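Undergrad: Could you work out the structure for the sequence below:
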Amino acid sequence: MEKLEYIIEDSTIAEVLGVQNFSNEESAILELVKNAYDAQSPDVIVIISKEQIIIEDNGIGMNRQKILEAWMHVGRSDKEYIIGKGEAARVLAGSKGVGRFAIARLGAQASVFTKMKDQEAVLWKTDWNTNTLEPYQELKEKGTKIIIENLRDNWTEARVRNLRDFLSRTYNDDKMTIQVEYKKNREEVKRYFGEIQLGVNCVSVIKLRYQANSQMLICDIESDEFKESAQEICPKIDLKGQKIEINIADELNNMKEELIEEITDKEWNGLLADVGDFSAELYFSLKNSSAVDAEKFYYKHRMLEERYESGVVLYRNAFSISSYEGKKDWLGFGKRSRISPAAATHPTGAWRVRENQMSGKVIIDKKENRRLSDLMNRQGLVENDTYKLFIAIIITGINSFERYRQSIIRSIAKSNDVKEDPTPKVIDNIIRNPKRLSELSLEETKKLLNELKQIKRENRESKRQMDETEKRYKYDIRLLNMLATSGLKATSIAHEMHNDRNSIDENVDYIIEALKRYDLWDVVNDRENRKYMHRDIPALLQKNRRINKKIITFMDVMLSESEKEQFMPEIIDLGALFENIKSVWEKDYSWIDIQLLIEEGLEFRSAKDIFRVIFDNLILNSIQQNDAENVLEIHIRAEKKGSYIHMIYSDSGKGLASKYKYDPMRILEVHETSREKGHGIGMWIVNNTINSSGGEVQTIDGLNGFKIEFLLGGKI
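TA: Below is the predicted model of the structure:
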């Protein structure tokens, strides 16, 4: 048997692993800067001119043996996890054994002058067709100097400035200084994310820490966005920050099937552990805010002196991972805000941070987070199950900040509702009697001018509110159109099937009668013929009867609830309405018991669809959350409270999923769900309908069964 080995041309290696492997010149230089860092150099200098690039360090260098055994061995790396001890310790950046080919991306010729302490200096030269190695005289004790010529890029002042900015964002350590020189102007590269200053770099800091063993995410928010006077409007919210602990296993339970089909609990826990411990520090600020907004929402800072605008950078120890240095929206902020475009003031929609509002750093470790592995070209990460879960954990922390900030904005927006001033106005007197204009005193004239200014402000604010309302309803309509389209399709099918209703209802009985008439009923009932499920005709017929019953129920519900009379305002007898709702649901689901406590003779002017939308969604949620129960009790209580109907709905089920039990109001947010493949719109519709009526949800409790208390208004 003959043993064979691949033979690859040097020029091909240089083209594939160098020129094509690095997406841009900055990432190629970063790779060589990493080599200097791994060589334990205290500094590295990058000197750029039109003719050549020089990269020089004072690291440990290489000798002849190192060149032959490591440098010339493609894909081999002798780099371990960490080098040095104590404060001088460095986690090595390299591992793939291909980083040296970054030289080929930068130029067609190169010379590497290198020396190890107390050893002979060597010079390696290449034109990527021929490689040579020779000794030379070097006065320096140790270090490496790379001279790259016949450059592939035209280096201009703007390109060098981009390189400095790139290195500033991609380097996250202080153990080595980096200097870049161009036209004899040498500048040290400063780390972009230095010591954070609230009110200067951002208005809020979101610190995340994931603990893989306990599967807990610690989310610590520090904020300086709002004036102290806003605290009176939000007495139950700490405007300076919030700290919460999130059980990720519970929080992300509904995404298990998205990652691995039919995943077991053991596999799920293993995946959560495989992510490893990591941390993040994210910085939020609005790009700009108008004077009107600053006054309206009590913003403390209109303009930030040194606002962070780099995006979110992913660092593995000292250096960022290429293509995750802030320009790429790898956390999907843009996609999230397009799916949920609600403004922070939206009373029911979920606000999402925009791409240009968040910067920061996520820090992973080469060893701890080894499952987050580089692509072979080191220009990104392998987007495997671990990576998807890693992203989901970060987004969970961002969600907690979004809910915190939106709760503040909503409270402030609610307090900004225009209140009618009962004081008589000068302008009203003039409108009634225009001649009064010439008789105004100096004090009345000043008052009139103030009233005109106020009207102007209110008109401006009214236009803003109209714009916000338009955006809000566009958002609502997008969600409701989706559901309405599905409903129209279902209604259309129900209409088509209505003529077959009797056949669907009676077919099973007809089949049984026919089998008896032809003396086949005893045959199909024979024990031998019922051994296998797919041949058990009586069982199949009974199953078909149950399915047919559900189809008929579906048809009846679709046809009755889409009738236009349901939407007409009228004086409703609530006792009769809820008796009807009770009978329909109990007929369809024999294992539920709906108990009503409705104030006797209670009437209310509204439309029936409002009550049906709310309670059909609530009952359906109870059924879906407790479908394993043998009996489920549901209690509905209603009484008049001023101009509102005070309602309490509760069930005896298992209550809310763990992730909602200590923040139950969260279930009202759009797309919030604990069920796999759930849409998370049902409770949002409930909340939206209650708010649209002029009412509000008061409390939700999910610890012992489920309970929601709300006021329903008379708006239609």
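Undergrad: Show me the residue sitting in the middle of this structure in space.
TA: Nearest to the geometric centre of the chain sits Ile395, at 4.1 Å (Cα atoms, centre = their mean).
Undergrad: tell me which element it is part of?
TA: Here Ile395, judged by DSSP states H and E, is contained in helix 385-415.
Undergrad: likewise Asp293?
TA: Judged by DSSP H and E, Asp293 forms part of helix 291-296.
Undergrad: What of Thr114?
TA: In the assignment (DSSP H and E), Thr114 maps to strand 107-115.
Undergrad: Now do whatever helix or strand comes next after that strand: everything it contacts.
TA: Past strand 107-115, further along toward the C-terminus, the next helix or strand under DSSP H and E is strand 122-126. Contacts with strand 122-126, where a contact means Cβ atoms under 8 Å, 6 or more residues apart in numbering, come from 10, 62-64, 67, 71, 109-115, 131-136. For the C-beta atoms, the positions are set from N, CA and C on the backbone; glycine is no exception.
Undergrad: Where do the helices of the stretch 551-700 of the chain begin and end?
TA: 574-588, 608-625, 682-692 (DSSP state H, counting those that start in this stretch).
Undergrad: wait, which of the ones you listed is closest to Lys335?
TA: Taking Cβ to Cβ, helix 682-692 is the member of those nearest to Lys335, at 19.4 Å.
Undergrad: Now do that closest one, average pLDDT.
TA: Taken as a whole, helix 682-692 carries a mean pLDDT of 89.
Undergrad: If we ignore the residues flanking it in sequence, what's nearest Phe319?
TA: Ala93 (5.2 Å; Cβ to Cβ, 6 or more residues apart in numbering).
Undergrad: so how far is stretch 53-73 off the chain centroid?
TA: Its chain's C-alpha centre and that of stretch 53-73 lie 44 Å apart, by Cα atoms, centre = their mean, to the nearest Å.
Undergrad: I meant stretch 112-131, not that one.
TA: Relative to the centre of its chain, stretch 112-131 is centred 49 Å away, using Cα atoms, centre = their mean.
Undergrad: now do stretch 510-525
TA: 59 Å.
Undergrad: what about it, start to end distance?
TA: Criterion Cα to Cα, to the nearest Å; first-to-last residue distance in stretch 510-525 is 17 Å.
Undergrad: ditto for stretch 295-311
TA: For stretch 295-311, the first-to-last residue distance is 28 Å (Cα to Cα).
Undergrad: ditto for stretch 115-123
TA: The first residue of stretch 115-123 is 9 Å away from its last residue (Cα to Cα).
Undergrad: what does stretch 693-707 give?
TA: 20 Å.
Undergrad: and if you look at stretch 642-661?
TA: Note: stretch 642-661 ends 31 Å apart using Cα to Cα.
Undergrad: And it, what's buried?
TA: 644-653, 655-657, 659-660 (16 or more other Cβ atoms under 10 Å).
Undergrad: Restricted to strands, list these.
TA: Residues of those located in strands (DSSP state E): 644-651.
Undergrad: Can you tell me which of the residues you listed lies closest to Ala230?
TA: Tyr644 (28.3 Å).
Undergrad: Surely the closest one touches Lys715?
TA: No. Counting by Cβ atoms under 8 Å, Tyr644 sits too far from Lys715 to count as a contact (10.8 Å).
Undergrad: Need the overlap of contacts for those two.
TA: Contacts common to Tyr644 and Lys715, judged by Cβ under 8 Å, 6+ apart, are Gly694.
Undergrad: so where's the stretch 501-650 of the chain shaky on pLDDT?
TA: By pLDDT under 70, the weakly predicted segments of the stretch 501-650 of the chain are 501-502, 505, 553-567.
Undergrad: which residues in it form strands?
TA: Remark: strands assigned in the stretch 501-650 of the chain by DSSP state E, counting those that start in this stretch are 570-573, 592-598, 603-606, 632-641, 644-651.
Undergrad: and those strands, which is most packed in?
TA: Greatest average neighbour count among the strands of the stretch 501-650 of the chain goes to strand 644-651 (a mean of 21), per mean count of other Cβ atoms under 10 Å.
Undergrad: Parallel or antiparallel, list what pairs with it.
TA: Sheet neighbours of strand 644-651, with direction, are listed as strand 632-641 (antiparallel), strand 706-712 (antiparallel) (DSSP bridges).
Undergrad: In CSV, list the ones you listed along with distance to Lys516.
TA: Shown next, in CSV, are the strands paired with strand 644-651 (distance: least, Cβ to Cβ, whole Å):
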stretch, distance to Lys516
strand 632-641, 38
strand 706-712, 48
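Undergrad: wait, which of the ones you listed is closest to Pro235?
TA: Closest approach to Pro235 among the strands paired with strand 644-651 is made by strand 706-712 (20.6 Å; Cβ to Cβ).
Undergrad: Tabulate the CA atom coordinates of stretch 102-110 in PDB.
TA: This file holds the C-alpha atoms of stretch 102-110, laid out as PDB (Å, rounded to 0.1, in the frame of the first residue of the first chain):
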ATOM      1  CA  ALA A 102      -2.500  37.600   6.300                       C
ATOM      2  CA  ILE A 103       0.800  38.800   4.900                       C
ATOM      3  CA  ALA A 104      -0.200  37.600   1.400                       C
ATOM      4  CA  ARG A 105      -3.500  39.600   1.600                       C
ATOM      5  CA  LEU A 106      -1.400  42.800   2.100                       C
ATOM      6  CA  GLY A 107       1.400  42.300  -0.400                       C
ATOM      7  CA  ALA A 108       3.000  40.000  -3.100                       C
ATOM      8  CA  GLN A 109       6.400  40.100  -1.400                       C
ATOM      9  CA  ALA A 110       7.500  39.900   2.200                       C
END
